[in-house]
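Student: Got a sequence here, can you model it:
(2 chains, ligands or ions: 2)
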Amino acid sequence: MNIVVCIKYVPDWEAPASQFRIEDSRLVPAPGIAYRISDTDDEAIEAALQLKEKHGGRVTAISLGPASARDGLKHALAMGCDQAVLLDDPAFEDSDAAGTAAVLAAAIRKLGDVDLILTGRQAADWDQGQVHAGIAEFLGLPAVIPARHIEWTGSEFIVHRIYEEGYEEIAVKPPCVVACSNEIAEPRYPTLRGIMAASRAQIPVWTAADLGIDPGRVGRAGRRTRVLRLYAPQVEAKCEFIEGENPEEIAAKLVQRLREEKLL
Amino acid sequence: MTAEARGIVAIIEPADGPAGALTAEVLGVARRLGNDLNEPVTAVVLGETVAEVGPLWEFGADKVIRVVHPLLAEFNLDAALGALEPLIRRENPNVVLMAHTFQGRALGPALAFRLQTGVATDCVDLRPGAGGGSLVLTRSILGGNFRAEVVIDTRPQIVTLRPKAFPPAEPTPGRTGTVEEFRPEPDPVRVRQEVRRRIQEAAAEGVRLEDARIVVAGGRGLGGPENWHLVEELASALGAAVGASRAVTDAGWVPTSLQIGLTGKTISPDLYIAVGISGAVQHMAGVSAAKTIVAINKDPDATIFRYARFGVVGDAKQILPALTREIKKALGKA
Ligand SMILES: Cc1cc2nc3c(=O)[nH]c(=O)nc-3n(C[C@H](O)[C@H](O)[C@H](O)COP(=O)(O)OP(=O)(O)OC[C@H]3O[C@@H](n4cnc5c(N)ncnc54)[C@H](O)[C@@H]3O)c2cc1C
Ligand SMILES: Nc1ncnc2c1ncn2[C@@H]1O[C@H](COP(=O)(O)O)[C@@H](O)[C@H]1O
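Tutor: Ligands and ions are numbered 1, 2, ... in the order given. Predicted coordinates for the structure are as follows:
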């Protein structure tokens, strides 16, 4: 089974907001801030590796991003992916979800012979949850969004798609796109051997020309959406702390305050 | 699609029903936009489940289109796309709105790509652009630490709306409109997925988390599934619904359907009691409509206290049993 995992390399989303600066309509992380594979993209890698371990095949990690995204791909290789490709070209800069999906779709087409394309459910920087749907539509494939379990029966995938009240068992034939939710798998830590191998691995870079992409369709030129303005919403803290000698006293005081506020 | 794109289409979630809370929110936004832009509002209902159209007119729809096909009895992304693509092309609307539910999360972006247009997901605010230009759509990014105002340059502008972020439409009793049926023929070749089974994990009885007036939620600070009963006991004393942080649903202590937050449910209780939850922005994204937050956390510097109206610094394992006893006493259930 040949699987492609799309990973985005993003600034640490757990860093405090004060570590980000707004410059025009861009969010600029402070110089020291760490970059990580986006939330749920590493779970997608793990899900891919588990499927490969069960059914054989190859796992390829791809990322559209600047040269620094290479570190994310190295991490993917260290976890056990067989190959990685970086998609980088000045023409890709400032792509919106449509441009990003177009590039990723072109790269997946170039890789050829793919049974399953995994992504995260939403990248932790812009929280959009769009690129998976775009890849599916550009490639004319079905998509399941978001999934917490995948299994392969030998002829189809059974994907557990989350909905408000539980999950649905969806049967879908390969090739297809599945956007992974955090429940899907616990990402493994790379082994020392994996890290060593990854550090020696060659990561090819594919450009717009390599992918046969018309630069007018991606980057700034191909945008369907634009950011007008960024700002930080204010929360004003106004917490009244309830104190006491022991849990009983605290509980009694809290209940009294809640009653005074007519909340009980 | 071109500049003549006109009208607001609101896609109604069948599970929500004709007079449901989400329907009222989405139609509320649609009606206000319709008035501001002087464009008609069309409610689109997938499947036959919403038989009653009266409430949709009363919430502000001028026209209701029922999209009827056996495959639309429950949500199937491929079937929904196959049905909506020709309909939206025919209607050629300016704006397509839907709720950012699990259906909307999948459908909004996929429909946008199918129609080669742009989408803004999980919007928390919107307003008409200057001079009748593109809508200015406010999204939260980086979990909620920042807000972005975005515009969509293509048509239709597809927008998914965060539940509880917009005021619901006030029904106008007796208001009517037109209704029609659309019978699509989704290309069977393109319906490549099949919903085999739905497994309901959320309790079928009792108040839904989304509708609850009081919610008690637990986080990783509870220490382990063996302590979860403390959350349930407090909730039951209060007649409250139970929720959880992602750390807890991820660890499998409780089903995913209890998850509150950016990638879980949005709630709007009068009282939200968060126990052992740190207050990460992605969690708080789901409770921004809560009126009063009470936080119980052993760390006095926990972020949750920035959002809380009342705070208790202490060990959940000691505070919860005492609080449950006090509540029972106060409510005369002891
Ligand atoms: C894209 C994205 C989407 C996400 N979506 C969601 C979402 O929908 N919902 C969600 O919840 N999270 C979501 N998250 C995860 C979120 O960032 C946090 O990781 C998560 O909310 C943390 O859960 P927690 O507060 O239970 O755990 P922690 O952050 O580990 O906090 C545990 C808290 O318990 C306290 N504590 C420890 N022991 C005790 C004790 N004995 N008594 C009292 N307090 C104690 C600690 O002081 C701490 O504050 C998302 C993240 C990303 C990146
Ligand atoms: N630049 C990128 N490179 C590789 N994968 C991406 C990129 N952007 C988004 N993705 C994938 O698409 C998913 C959804 O992203 P988004 O639509 O940006 O929220 C992510 O979790 C990734 O798996």
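
Student: Give the full set of residues in contact with residue B:98.
Tutor: Contacts for residue B:98 were tallied using C-beta atoms under 8 Å, 6 or more residues apart in numbering or on different chains; they are B:10, B:11, B:13, B:26, B:104, B:107, B:108, B:159, B:160, B:161. C-beta: built from backbone N, CA, C; applies to glycine.

Student: Could you measure from the fifth one over to chain A?
Tutor: If I follow you right, that is residue B:104. When distances are taken as C-beta to the nearest C-beta, to the nearest Å, residue B:104 and chain A turn out to be 10 Å apart.

Student: Where is pLDDT lowest across the contacts of residue B:98?
Tutor: Ranked by pLDDT, these bottom out at residue B:13 (88).

Student: and the closest residue in space to residue A:29 that isn't next to it in sequence, what pLDDT?
Tutor: Spatial nearest neighbour of residue A:29, excluding adjacent residues (C-beta to C-beta, 6 or more residues apart in numbering or on different chains): residue A:11 at 4.0 Å. Among the per-residue scores, residue A:11 holds a pLDDT of 97.

Student: coming back round to it: out of the contacts of residue B:98, which is most surrounded?
Tutor: residue B:10 (32 neighbours; other C-beta atoms under 10 Å in any protein chain shown).

Student: Next, see if the strand or helix carrying it gets close to chain A.
Tutor: Secondary structure from DSSP states H and E places residue B:10 in strand B:8-12. No - Strand B:8-12 is not in contact with chain A by C-beta under 8 Å from any C-beta of the partner chain; minimum separation 15.4 Å.

Student: The stretch 101-250 of chain B against ligand 1: which residues are in contact?
Tutor: With C-beta under 6 Å from any ligand atom as the criterion, the stretch 101-250 of chain B comes near ligand 1 at residues B:143, B:219, B:220, B:221, B:223, B:245, B:246, B:247, B:248.

Student: Can you show me the strands along the stretch 51-200 of chain A?
Tutor: With DSSP state E, counting those that start in this stretch as the definition, the stretch 51-200 of chain A shows strands at residue ranges A:58-64, A:83-87, A:116-120, A:143-152, A:157-163, A:166-172, A:176-180.

Student: quick one on the thing from earlier: and the residue nearest to residue A:29, what are its phi and psi?
Tutor: The main-chain torsion angles of residue A:11 are listed as degrees, to the nearest 10 and equal phi -60, psi 150.

Student: same question, residue A:21
Tutor: The phi and psi values for residue A:21, taken as degrees, to the nearest 10, are phi -120, psi 140.

Student: mind checking pLDDT for it?
Tutor: Per-residue confidence at residue A:21 stands at 94 (pLDDT).

Student: quick one: which helix or strand includes the closest residue to it other than its chain neighbours?
Tutor: Distances taken as C-beta to C-beta, 6+ apart put residue A:28 closest to residue A:21, at 4.7 Å, once the chain neighbours are dropped. With elements delineated by DSSP H and E, residue A:28 resides in strand A:26-29, which encompasses its position.

Student: Run me through the strand neighbours of that strand, direction for each.
Tutor: Note on strand A:26-29: by DSSP bridges, its sheet partners are strand A:20-23 (antiparallel).

Student: So which bits of the partner strand are buried?
Tutor: Burial within strand A:20-23, assessed by neighbour count using 16 or more other C-beta atoms under 10 Å in any protein chain shown, is assigned to residue A:20.

Student: How about stretch A:61-74?
Tutor: Of the residues in stretch A:61-74, those buried under the neighbour-count criterion (16+ other C-beta under 10 Å) are A:61, A:62, A:63, A:64, A:65, A:69, A:70, A:71, A:72, A:73, A:74.

Student: Between the two ends of that stretch, what distance do you get?
Tutor: Taking C-alpha to C-alpha, to the nearest Å as the measure, stretch A:61-74 stretches 9 Å from start to finish.

Student: any idea how far the nearest residue in space to residue A:212 that is not next to it in sequence lies from residue A:72?
Tutor: Once flanking residues are discounted, residue A:212 sits nearest to residue A:106: 6.8 Å by C-beta to C-beta, 6+ apart. Note on residue A:106: its distance to residue A:72, by C-beta to C-beta, to the nearest Å, is 20 Å.

Student: same question, residue B:206
Tutor: Shown here: residue B:206 relative to residue A:72, a distance of 44 Å by C-beta to C-beta.

Student: hmm, stretch A:161-175 touching ligand 1?
Tutor: No - for a cut-off given as C-beta under 6 Å from any ligand atom, stretch A:161-175 has no contacts with ligand 1; the smallest distance is 11.2 Å.

Student: same deal with stretch A:3-23?
Tutor: Yes - contact of stretch A:3-23 with ligand 1 is found when judged by C-beta under 6 Å from any ligand atom, involving residue A:13.

Student: all helices for the chain, in order.
Tutor: Just going to use chain A. A:41-55, A:70-79, A:97-111, A:131-139, A:192-200, A:208-211, A:247-260 (DSSP state H).

Student: meant chain B, my bad for not saying
Tutor: Along chain B, counting by DSSP H, helices occupy B:21-37, B:54-58, B:77-91, B:102-114, B:228-238, B:246-250, B:281-284, B:304-307, B:316-330.

Student: ok so, going back, pretty sure the residue nearest to residue A:212 contacts residue A:209?
Tutor: No - assessed by C-beta atoms under 8 Å, residue A:106 is found out of contact with residue A:209, at 11.2 Å.

Student: which of those two has more neighbours?
Tutor: When neighbours are counted by other C-beta under 10 Å, residue A:106 comes out ahead of the other of residue A:106 and residue A:209, with 22 against 10.

Student: Tell me the pLDDT of that one.
Tutor: 98.

Student: Most neighbours of all the residues of the stretch 101-250 of chain B next to ligand 1, which one?
Tutor: Counting by other C-beta under 10 Å, top hit in these: residue B:245 with 29 neighbours.

Student: and the gap between that one and residue B:219?
Tutor: Counting by C-beta to C-beta, the separation of residue B:245 from residue B:219 is 4 Å.

Student: that older thread, list the contacts for the residue nearest to residue A:212?
Tutor: Residues A:138, A:211, A:212, A:213 are the ones in contact with residue A:106 under the rule C-beta under 8 Å, 6+ apart.

Student: now swap in residue A:168 and tell me
Tutor: For residue A:168, the contact set (C-beta under 8 Å, 6+ apart) comprises A:160, A:161, B:195, B:196, B:197, B:198, B:199.

Student: next one: residue B:212
Tutor: B:240, B:241, B:267, B:269.

Student: quick one: which two of these are the most distant?
Tutor: Of all pairs drawn from the contacts of residue B:212, the one with the largest separation by C-beta to C-beta is B:240 and B:267; the distance is 11.0 Å.

Student: which residues are common contacts for the two?
Tutor: Going by C-beta under 8 Å, 6+ apart, residues that sit against residue B:240 and also against residue B:267 are B:212, B:215.

Student: What does the pLDDT read for the residue lying closest to residue B:78 once chain neighbours are set aside?
Tutor: What sits nearest to residue B:78 in space, not counting adjacent residues and going by C-beta to C-beta, 6+ apart, is residue B:191, at 4.4 Å. Predicted confidence (pLDDT) for residue B:191: 90.

Student: Could you report the distance from residue B:191 to residue B:71?
Tutor: Residue B:191 is 6 Å from residue B:71, by C-beta to C-beta.

Student: Find residues that contact each of the two.
Tutor: Shared contacts of residue B:191 and residue B:71 (C-beta under 8 Å, 6+ apart): residue B:79.

Student: Determine the number of other residues adjacent to residue 260.
Tutor: Unless you meant another one, I'm taking chain A. A count of neighbours around residue A:260, defined by other C-beta under 10 Å, yields 9.

Student: my question was about chain B
Tutor: Neighbour count of residue B:260, defined by other C-beta under 10 Å: 28.

Student: just residue A:219 next, same as before
Tutor: When neighbours are counted by other C-beta under 10 Å, residue A:219 registers 21.
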